[in-house]
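can you look at this prediction? I've put the sequence above it.
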Amino acid sequence: MAGLFVFLAAAVGVYLLLRGPETAVIPSAPPSGSASAGPGEQGADTRANDAEKLLHRLVTALRDGSRADLLALAAPGDQAAASELSDLRHNVRAIGVTGLSMRYVDEDGGRLTDAQERRFGDRAWVADVQLSWRVDGFDLHDGRLEVPVTLLETRHGAAFVSTRADVGSSTPLWMLQRVDVRRTGRALVLLAGNGSVGRFSGLADQAVVDVRKVLPDWRGRLVVEVPGDEQQLGRVLGSPSGSYGGIAAVTTTVDGSVSPQAPVHIFVNPRVFDPLGARGSQIVMSHEATHVATGAAVSSMPTWLLEGFADYVALDHVELPVSVTASQILARVRKTGPPAQLPGKTEFDPQNQALGASYESAWLACRLLGETYGEKRLISFYREADRNGSTTAAFRDLGTGEPAFTRAWKGYLRRLAG
């Protein structure tokens, strides 16, 4: 278990505020009496109109149509496109995707794969498509992303090629490959690639139980998404490959926004998560569930409190000595003394080699608050800091300030380090 907490993490990255409609929106074509356009513009207009019609038919077929209705939208003779549409149909219905909308935005040239260019030439193009969706029974509002969709120009209009082109933008996991789905009264799990969906479902269910032991008023549920590998996680979150090298899981909004209404899911990095073992993986999942329960993905409170409180909840009923759960920070205190200040964004950078010690030191800060003032006041402290984006008023309510608490925390670390 030594070094466990190098894996505990939740990312609140760079966000773009986006909201959108619940149903397919098909803008009307320009009026026939409008100013004439050149041949290139006429071609672009035709493509846009054909794409709008195809997206409307795609949404309808995914939601209500038969398998034959859906496969009729695939590029002629393209078995990969037909297979991908079949996977999309399975995912949408198994997950319970609702509020589905796809709206054509623009043509984004130069992003076809080499294989697509060789096969289709200039008849294929990548469309920027505004996607809106939510998970029925779990998400209260829509997420919204602009996703790439590869289309083909045919004699009969636009045809579907793929939603899986890697062009550096976010794409929901359910649009990237067929997923296994497990739904319970507490959580919904989407699993891509290998692994046991039942394992993740059990961890998620227990995480809800763990959070409610400390926050009994929270009645929410979890959506956990498990990509096939770290590269696919980066595609789902729209981040460069390698961004999550030391991170076991990330809790963030599905569309990258900071809107309080945006759906928040847990995203697992299987390369880091899988080796943790039963106890370690449960601690991580309960940590992330705490972020969901407290709205941490859109909070501006200090990072030490946001992360430390999540560990406090996850470890609340774990029977492990502090010498194990805080082994890294206590070793550093014995060697060089306690940190000069509470950990901030620099210390929680995923590339920080001492990331585990940062998490442990933040947890011990929250543990000290709980021991000194009681758990109820710790929870009130957290909520006050969340409302204000600062701990100033929260510390004042406790009759102290951050400098005095920091001194007490440093003394606490020294005592625990022996």
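It's in. Numbers count the residues shown, from 1 in each chain.

what helix or strand is Val324 located in?
For Val324, the enclosing helix or strand under DSSP states H and E is helix 322-325.

and the next helix or strand after that helix, what does it pack against?
Per DSSP H and E, the first helix or strand lying C-terminal to helix 322-325 is helix 327-336. In terms of contacts (3 or more Cβ pairs under 8 Å, 6 or more residues apart in numbering; DSSP states H and E), helix 327-336 is packed against helix 355-373, helix 402-417. Glycine gets a C-beta too; all of them are placed from N, C-alpha and C.

which stretches of the chain form strands?
Per DSSP state E, the chain carries strands over the ranges 97-108, 124-135, 143-154, 157-162, 180-183, 187-191, 222-226, 249-253, 264-268.

wait, which of the ones you listed is closest to Gln79?
Of all these, strand 157-162 sits nearest to Gln79, with 11.7 Å by Cβ to Cβ.

could you give the angle of the closest one to strand 124-135?
Counting by axes from the mean of the first three to the mean of the last three Cα atoms, to 10 degrees, strand 157-162 lies at 70 degrees to strand 124-135.

relative orientation of strand 157-162 and strand 143-154 in degrees?
Going by the same axes, to 10 degrees, strand 157-162 makes 120 degrees with strand 143-154.

can you name the residues in contact with strand 157-162?
For strand 157-162, the surrounding residues in contact (Cβ atoms under 8 Å, 6 or more residues apart in numbering) are 47, 50-51, 53-54, 58, 73-76, 78, 80-81, 84-85, 116, 120, 124, 149-152.

coming back round to it: for the helix holding Val324, give the mean pLDDT please.
Confidence over helix 322-325 (mean pLDDT, whole number) is 94.

so how far is that helix from its chain's centroid?
For helix 322-325, the separation from the chain centroid amounts to 29 Å (computed by Cα atoms, centre = their mean, to the nearest Å).

again with stretch 46-57
30 Å.

give me the buried stretch members for it, please.
For stretch 46-57, the neighbour count (16 or more other Cβ atoms under 10 Å) marks Arg47, Ala48, Asn49, Asp50, Ala51, Glu52, Leu54, Leu55, His56, Arg57 as buried.

repeat that for stretch 127-136.
Quick answer for stretch 127-136 (16+ other Cβ under 10 Å): Ala127, Asp128, Val129, Gln130, Leu131, Ser132, Trp133, Arg134, Val135.

reformat the strands of the chain as TSV; add mean pLDDT and distance to Gln341.
TSV is the format used below for the strands of the chain (pLDDT from 0 to 100; distance: least, Cβ to Cβ, whole Å):
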stretch	mean pLDDT	distance to Gln341
strand 97-108	94	45
strand 124-135	95	40
strand 143-154	95	36
strand 157-162	96	49
strand 180-183	98	43
strand 187-191	98	37
strand 222-226	98	33
strand 249-253	96	25
strand 264-268	97	29
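
right, so of the ones you listed, which gets closest to Pro339?
Across those, closest to Pro339 is strand 249-253 (Cβ to Cβ), at 24.6 Å.

the closest one pairs with which strands, and in what direction?
With DSSP bridges as the test, strand 249-253 is paired with strand 264-268 (antiparallel).

so what touches the strand it pairs with?
By Cβ under 8 Å, 6+ apart, the residues outside strand 264-268 that reach it are 200, 204, 222-227, 233, 236-237, 248-254, 285, 288-289, 291-292, 295, 297-298.

what's the angle from it to strand 187-191?
Using the same axes, to 10 degrees: strand 264-268 against strand 187-191 is 40 degrees.

strand 264-268 to strand 222-226, inter-axis angle?
If you take the same axes, to 10 degrees, strand 264-268 sits at 30 degrees to strand 222-226.

export only the CA atoms of strand 264-268, formatted as CSV.
Extracted C-alpha coordinates of strand 264-268, given in CSV (Å, rounded to 0.1, in the frame of the first residue of the first chain):
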residue,chain,number,x,y,z
VAL,A,264,-20.3,15.2,-14.1
HIS,A,265,-18.9,11.8,-14.7
ILE,A,266,-15.9,9.8,-13.3
PHE,A,267,-13.4,8.8,-16.0
VAL,A,268,-11.0,5.9,-15.2
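
just how off-centre is it within its chain?
Computed by Cα atoms, centre = their mean, the chain-centroid distance of strand 264-268 equals 4 Å.

one more: stretch 324-336?
31 Å.

for that stretch, C-alpha coordinates in CSV please.
Once non-C-alpha atoms are left out, stretch 324-336 reads as follows in CSV (Å, rounded to 0.1, in the frame of the first residue of the first chain):
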residue,chain,number,x,y,z
VAL,A,324,0.5,3.4,5.6
THR,A,325,-2.1,5.9,4.3
ALA,A,326,0.4,8.8,4.7
SER,A,327,3.7,7.0,4.2
GLN,A,328,5.0,9.3,1.5
ILE,A,329,4.5,12.6,3.2
LEU,A,330,5.7,11.3,6.6
ALA,A,331,8.9,10.0,5.0
ARG,A,332,9.5,13.4,3.5
VAL,A,333,8.8,15.1,6.8
ARG,A,334,11.4,12.8,8.5
LYS,A,335,13.9,13.7,5.8
THR,A,336,13.4,17.4,5.2
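
check contacts around Asp87.
Gln177, Arg178.

how far away is it from Leu176?
9 Å (Cβ to Cβ, to the nearest Å).

do Asp69 as well
On the measure of Cβ to Cβ, Asp69 and Leu176 end up 23 Å apart.

measure the nearest residue to Gly401 once chain neighbours are set aside to Leu305 for me?
Spatially, and ignoring its direct neighbours in sequence, Gly401 is nearest to Phe395 (5.1 Å; Cβ to Cβ, 6 or more residues apart in numbering). Per Cβ to Cβ, Phe395 is found 11 Å from Leu305.

now for those two: what residues contact both?
When contacts are counted by Cβ under 8 Å, 6+ apart, Phe395 and Leu305 have Phe381 as shared neighbours.
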